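> no letters, just coordinates:
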């Protein structure tokens, strides 16, 4: 049985709506915790890392992740790891296909990238890590850089026990928000980094972060969307 997910970053967006395939033969899994790290690079690209813990009831042989990409967005440097051991590229990418444990593959789905990784798990807890880099997500205005990203998607059929996340900017964070208000959690600004926490996230519920920092700290936004206008007051009013 294959566990699956799709990551949907909105943007302004980038990372997170996760889709899970329904396990067959009464097999199932829970999601005790997940961690997401987002690093805004000096060019405005986002370096993204995810750690998701699965608690399996039954046997599973693989997982997948769909990462939607809009026009102008691109993904690179995809890696899959477990316990700091990197999976080897070359695994098959058809859902339901079989490749040796410890392999992964990446394919174009037409509207994004699909990452499929292979392993063997039965009645145990396992934590997998994905990392990748996306261009074309952050928006660089004249006054601020806007990073608006879904940290957890609304297509998970499972409840998530705890989500912790961080977004690290290129300069001191001016403002930050977490959504939705219906999910219990908190937001903490620590200089150039913002910490987000969400507890007991219900099924089919997204968690989103929005972070603003001064445009002066991103002088070369080659991998961001550039818009020639001031946006701080408008964004604050929206929030």
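Okay, I see it. In this text the structure is predicted, and so the values were computed from the model without any measurement. Numbering: from 1, shown residues only.
> only C-alpha atoms from now on, for both contacts and neighbour counts.
Noted.
> excluding its backbone neighbours, what's nearest residue 195?
Using Cα to Cα, 6 or more residues apart in numbering and skipping residues adjacent in sequence, the residue nearest residue 195 is residue 166, 4.6 Å away.
> could you do residue 70 as well?
Sequence neighbours aside, residue 111 is the residue nearest to residue 70 in space, at 7.0 Å (criterion: Cα to Cα, 6+ apart).
> phi, psi of that neighbour?
Reported as degrees, to the nearest 10, the phi and psi values for residue 111 are phi -120, psi 20.
> surely it touches residue 68?
Yes - contact criterion Cα atoms under 8 Å: residue 111 and residue 68 qualify, at 5.8 Å.
> neighbour count: these two, which is higher?
Taking other Cα atoms under 10 Å, residue 111 and residue 68 do not tie; residue 68 has more neighbours (24 against 12).
> tally of neighbours for residue 101?
Neighbour tally, residue 101, other Cα under 10 Å: 16.
> state the pLDDT value of it.
We have a pLDDT of 97 for residue 101.
> how near is residue 67 to residue 144?
Plainly put, residue 67 is 26 Å away from residue 144 if you go by Cα to Cα, to the nearest Å.
> shaky segments in the chain?
Low-confidence segments of the chain, defined by pLDDT under 70: 1-25.
> that one: helices as residue ranges?
Under the criterion DSSP state H, the chain contains helices at 232-238.
> state the number of residues packed around residue 224.
Applying other Cα under 10 Å, we find 29 residues neighbouring residue 224.
> sorry, slip of the keys, the one I care about is residue 61.
If we define neighbours as other Cα under 10 Å, then residue 61 has 19 of them.
> the one 10 residues further on too?
When neighbours are counted by other Cα under 10 Å, residue 71 registers 8.
> for it, what are its contacts?
Applying Cα atoms under 8 Å, 6 or more residues apart in numbering to residue 71 gives no contacts.
> going forward can the numbers begin at 31, since that is how I track them
In the new count, where the first residue is 31, that last one comes out as residue 101.
> against residue 84, how distant is it?
With Cα to Cα as the criterion, residue 101 and residue 84 are 32 Å apart.
> same question, residue 123
Using Cα to Cα, one obtains 20 Å as the distance from residue 123 to residue 84.
> likewise residue 198?
Relative to residue 84, and taking Cα to Cα, residue 198 is found at 26 Å.
> OK, contacts around the residue nearest to residue 225?
Going by Cα under 8 Å, 6+ apart, residue 196 touches 66, 67, 68, 223, 224, 225, 226.
> ok, the fifth one touching residue 218?
What it means is residue 224. Yes - Residue 224 is within contact range of residue 218, at 5.6 Å (criterion: Cα under 8 Å).
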